[in-house]
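[1] What would the 3D arrangement of this be:
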Amino acid sequence: MQSFLTSALLLALFVGAGIVAIVIIRSRYHGRGADGGDWESALAEYKNLRDKGVLSDEEYRKIRSLVEPRVDR
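    Below is the predicted model:
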């Protein structure tokens, strides 16, 4: 019976740690996506890389298609 309680306690701690990790990761992810200025500056940096020849036009279009829906115009 004692080994069952120990196992149950360890499982509960493991699940609790997983929930805390998920909450922390989600809060950081949502915190970054909330600021539109960061996306606009990142997109401008990618455009500069394209203009310098570091990125191809196709690569820039792919990046822009990923970023553009999140930027308010």
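
[2] my guess is residue 63 contacts residue 47, does it?
    No. Counting by Cβ atoms under 8 Å, residue 63 stays clear of residue 47, with 9.3 Å between them. (Each C-beta comes from the backbone N, C-alpha and C, glycine too.)

[3] Between the two, which is the more surrounded one?
    Between residue 63 and residue 47, counted using other Cβ atoms under 10 Å, residue 63 has the larger neighbour count: 17 against 14.

[4] Leaving out chain neighbours, which residue sits closest to that one?
    residue 46 (5.1 Å; Cβ to Cβ, 6 or more residues apart in numbering).

[5] What strand or helix carries the one you found?
    helix 36-52 (DSSP states H and E).

[6] Which of the residues in that helix are classified as buried?
    By neighbour count on 16 or more other Cβ atoms under 10 Å, the buried set for helix 36-52 is 39, 43, 46, 50.
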